[in-house]
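Colleague: The sequence and its predicted three-dimensional model are supplied below.
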Amino acid sequence: MIPSRWYAMPLLRRGMLLSASALLAFTLSACAPRQLIIGGIADELATQNQGTENDLELAREASAFYLKFSESILNQDPGHQGLATSVSAGYTQYAYAFIAFEADQLEAKDAKAAERLRQRAAKLYQRAQQHARKALEIQSPGFAAALASPQAKDWPALRKEQVGLAYWAAAAWGGWISLSKDEPDVVADLPLAIRLAEQAWAADPDWGDGALTGLLGSFEAGRAGGSTLRALGYFDRSIAQSAGRSAGAYLAKAEGYAQPAGDRALFEQLLQQALAIKDQADSPLTLQNEVMRRRARWLLSKTDDLF
């Protein structure tokens, strides 16, 4: 259920050090209200980003500190939209890019080790989803109950500025569900994850240059009784919205449409298109594209096993 589309990973943060303004907030802690200080640090953490990094191992090593520190601040201000979005995105992307991918690579050699990694990834997806949904609930009391209502008129309308938070909540939810096949209570929430993504899309269908559209394609392709044609429409629209700049848009269609359809030629073509993307200097898509190019190379090496 987790989409192949990858968006700027808030992992590498200017040497993983707090900026001068955040450090100053610490030094003034005796003179300022505690919550004001927490809010300032949260603002700072939420706005820092280093998507131009192209060294995946460095990104992995640096991300753990950032995520844990940011989460500790978020726990003190759980309704902070920017930081909740950043933390949810970070845990989702870490789980997908490093833990779940490692499990995929290990599957053929050590199925038990791969399963342990998938269980860990599931917990990280759950963590990401919970942070995002908690923030949405604080911002809009009754959000969860409204989302679960059987009546469409009760479903929560999202503000445009909430779409990113809802996207990561839905993406993490989908990832958690996809790795929890033996937990029916978790799997039963798939319609809610899809509904959340649809509500976000209604508020801003172009969010993330096609990321949200690609997520809906992945959900449609993965759900029982989903429409292949509808999923294809989402995937093609996502590629168009990305204007050929995102490797993830091509991988989403390759894994969500071409592979299930048994279309090896299209599968390989889409992966080659992903690999052909050249990032401009200082592009914020560099890191996410490198993650997807790595996966594309691995998938191409497994083509004979997949078809």
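Modeller: Perfect, I can see it now.

Colleague: Now do the buried residues in whichever strand or helix holds residue 238.
Modeller: Using DSSP states H and E, residue 238 sits within helix 228-242. Within helix 228-242, the residues scored as buried using 16 or more other C-beta atoms under 10 Å are 231, 232, 234, 235, 236, 237, 238, 239, 241, 242. (Glycine included, C-beta is placed from N, CA and C.)

Colleague: again, but for stretch 115-128
Modeller: 117, 118, 120, 121, 122, 124, 125, 126, 127, 128.

Colleague: sorry, back to before: redo the buried residues of helix 228-242 as JSON lines? Include pLDDT.
Modeller: Converted to JSON lines, those look like this (pLDDT from 0 to 100):
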{"residue": "231", "pLDDT": "97"}
{"residue": "232", "pLDDT": "97"}
{"residue": "234", "pLDDT": "97"}
{"residue": "235", "pLDDT": "97"}
{"residue": "236", "pLDDT": "97"}
{"residue": "237", "pLDDT": "97"}
{"residue": "238", "pLDDT": "96"}
{"residue": "239", "pLDDT": "96"}
{"residue": "241", "pLDDT": "96"}
{"residue": "242", "pLDDT": "93"}
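
Colleague: Can you lay out those residues as a markdown table showing distance to residue 55?
Modeller: Shown next, in a markdown table, are these (distance: C-beta to C-beta, whole Å):
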| residue | distance to residue 55 |
| --- | --- |
| 231 | 34 |
| 232 | 35 |
| 234 | 32 |
| 235 | 29 |
| 236 | 32 |
| 237 | 32 |
| 238 | 27 |
| 239 | 27 |
| 241 | 28 |
| 242 | 23 |
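
Colleague: Out of those, the closest to residue 66 would be?
Modeller: Closest approach to residue 66 among the buried residues of helix 228-242 (C-beta to C-beta): residue 242, at 26.1 Å.

Colleague: check contacts around that closest one.
Modeller: 209, 210, 249 (C-beta atoms under 8 Å, 6 or more residues apart in numbering).

Colleague: now residue 257
Modeller: Residue 257 touches 217, 221, 228, 231, 232, 235, 263, 266, counting by C-beta under 8 Å, 6+ apart.

Colleague: Check the residues you listed and tell me the two furthest apart.
Modeller: Longest span within those, C-beta to C-beta: 217 and 263, 15.7 Å.

Colleague: Could you check which of the two is surrounded by more residues?
Modeller: residue 217 (30 against 15; other C-beta atoms under 10 Å).

Colleague: For that one, grab phi and psi.
Modeller: Dihedral pair for residue 217: phi -60, psi -40, per degrees, to the nearest 10.
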